[in-house]
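1. kindly return the folded structure for what I paste below:
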Amino acid sequence: MRRALVALIATAATLVGTAVPALATPAAGAAGLGDEYFPDYGNSGYDVSHYDIRLRYRPDTDTLTGTTTILATATQDLSSFDLDFVLDVTSVRVNNRVATATRTGDHELVVTPPRSIAAGQAMTVVVQYSGVPSGKRAEGFTAWTRTADGALAVGEPEMAWWWFPSNDHPSDKATFDISVAVPDGIQVLSNGVQPRPPSEEIAGWTRWNWRSVKPMATYLAFLAIGQYDISTDTAPNGQPVLTAYSKLLTPDFADAARASVERTAEVIDWESGVFGPYPFEAQGGVVAPPGTVGFALENQTRPVYSSKFFRSGSNTYVVVHELAHQWFGDSVSVAQWKHIWLNEGFASYAEWLWSQQQGEGTAQELFDYTYAQYPADSPFWSVTPGNPGADHVFDGAVYDRGAMTLHQLRLAVGDTAFFDILRSWTAAHRYGNGTTDEFVALAEKISGKDLGALFQTWLFTPAKPALTAAPAPSAARAAALAAPHQPKSWARIQQAHTLLAGH
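-> Numbers count the residues shown, from 1 in each chain. From the prediction side, this is the model:
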């Protein structure tokens, strides 16, 4: 009505014979945001600002029921729009009116409101649903993990489909309220802070509430439901720290996990000095039950770790990696999935910097040893981290060659410019998205150097690069390059990367 009234007034105010543009005809939002690797992930036509997710979960049957309220703004005149979701929908309302919902593909829910939505108009979308997440398959698999005492909703690049309807792409971030009722004796871990403590909802049921006040990509939202030992503390910067360990961990795994994850606040304090201020409101980590997930994921404010990382003792390198993602991946997210090296290469290089800080091998020693591990004919060099392909998003080259790229950049521009580039990147794109081209442009601006050839060689050439970007080696360095010494940190870093690449 408002748009029609404005058009009428504008018509009356024009001179006779002056044409007035017609209003755009409402159209369906596209199923997908055009991601080069995953074209049907996310949806166009609207931008989400907040998810309010209210759930009830029964571990004995793996049954999830819920209501998700989505606050969004239309970015075009919409006749319908899509959500990414696989559970069974019982009702959908758009701006308080009943809408129709139909299925297309294996994860698209097409919502048609009873009246069109104008570009710029606020949208309140309420979806009620239920189902058994572990029984739903999309893209040939289920990302929901049922455990002996509950469930895990942890995955990348897709996870939200199995527990809340969303615009599932990192380019559309939002804030979150997540509330889950479970039987007494079961804990629920998620992102952010607890606005209120767990409380009895009805006899035999306890409701857990979590709030994330900083923008978050949908795949970074998580649930860990089960029996956990929970520890709380306060970080040096005054933020709340909450860590949780599955009660199903055997004592040896549990002790090694605690010896690693309990250093979270220390690691964040150190990384803040390297990458700039920590971007979120809380800190922590969750160690999952054995025999469930086999990887770690940088869930915002609270990464989730497989117990496998700690099977042979403590491993702070995976903690450093996942916490570095809070800057590189969570705060600054990829604009498209082909830019994944901006997440994994940077988090891997953080491990090299930590190794040097801990006296377990310098970044240069780790570069030399990594470079020497792969002969020129190794398949490792055929994967280009700057555009690895959808089937190689988590290939080892994205991690290791991505880190090598950053080390070559550091050698080319010097330490002062290099660390200025890192801090400027996290500041300029805080809570947003970034691309490789944007990072290269920033590096060139700060360093005053033409870096195109360096990035082309290390990110986009499917061959082992010659070390032309490095300074001419001394005799000692030439010998080190020929037969590099294995840094003390190498085994732990590689153990972490082997498991990380598995997701």
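2. switch to C-alpha atoms for all contacts and neighbour counts from now on
-> Noted.
3. for stretch 112-131, buried residues please.
-> The neighbour-count criterion (16 or more other C-alpha atoms under 10 Å) identifies 112-113, 117-119, 122-131 as the buried residues of stretch 112-131.
4. mind checking which of these land in strands?
-> Secondary structure from DSSP state E places Thr112, Ala122, Met123, Thr124, Val125, Val126, Val127, Gln128, Tyr129, Ser130, Gly131 of these in strands.
5. JSON lines for those residues, including distance to Asp330?
-> As requested, those are arranged in JSON lines below (distance: C-alpha to C-alpha, whole Å):
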{"residue": "Thr112", "distance to Asp330": "32"}
{"residue": "Ala122", "distance to Asp330": "26"}
{"residue": "Met123", "distance to Asp330": "26"}
{"residue": "Thr124", "distance to Asp330": "26"}
{"residue": "Val125", "distance to Asp330": "25"}
{"residue": "Val126", "distance to Asp330": "26"}
{"residue": "Val127", "distance to Asp330": "26"}
{"residue": "Gln128", "distance to Asp330": "28"}
{"residue": "Tyr129", "distance to Asp330": "28"}
{"residue": "Ser130", "distance to Asp330": "29"}
{"residue": "Gly131", "distance to Asp330": "29"}
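6. switch those residues over to CSV; also include distance to Gly389 and pLDDT.
-> As requested, these are arranged in CSV below (distance: C-alpha to C-alpha, whole Å; pLDDT from 0 to 100):
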residue, distance to Gly389, pLDDT
Thr112, 34, 98
Ala122, 37, 98
Met123, 35, 98
Thr124, 36, 98
Val125, 34, 98
Val126, 36, 98
Val127, 34, 98
Gln128, 36, 98
Tyr129, 35, 98
Ser130, 35, 98
Gly131, 33, 98
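7. of all pairs in these, which one is the farthest apart?
-> The largest distance within those, taken as C-alpha to C-alpha, falls between Ala122 and Gly131 and amounts to 29.1 Å.
8. moving C-terminal of the worst-scoring helix or strand of the chain on mean pLDDT, what's the next helix or strand?
-> Among the helices and strands of the chain, helix 2-13 carries the lowest confidence by mean pLDDT, DSSP states H and E, at a mean of 38. Proceeding N to C from helix 2-13, the next assigned helix or strand is strand 27-28, under DSSP states H and E.
9. strand partners (parallel or antiparallel) of that following strand?
-> Here strand 27-28 has these sheet partners by DSSP bridges: strand 78-84 (parallel).
10. mean confidence score for the partner strand?
-> Taken as a whole, strand 78-84 has a mean pLDDT of 98.
11. what of stretch 367-375?
-> Averaging pLDDT along stretch 367-375 yields 95.
12. CA atoms of it as PDB?
-> Coordinates of the C-alpha atoms in stretch 367-375 are reproduced here as PDB (Å, rounded to 0.1, in the frame of the first residue of the first chain):
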ATOM      1  CA  PHE A 367      58.300 -23.800   5.700                       C
ATOM      2  CA  ASP A 368      61.600 -25.500   4.700                       C
ATOM      3  CA  TYR A 369      60.500 -28.800   6.000                       C
ATOM      4  CA  THR A 370      57.100 -28.700   4.500                       C
ATOM      5  CA  TYR A 371      58.500 -27.600   1.100                       C
ATOM      6  CA  ALA A 372      61.000 -30.500   1.200                       C
ATOM      7  CA  GLN A 373      58.300 -33.100   2.000                       C
ATOM      8  CA  TYR A 374      56.700 -32.900  -1.400                       C
ATOM      9  CA  PRO A 375      58.800 -33.700  -4.500                       C
END
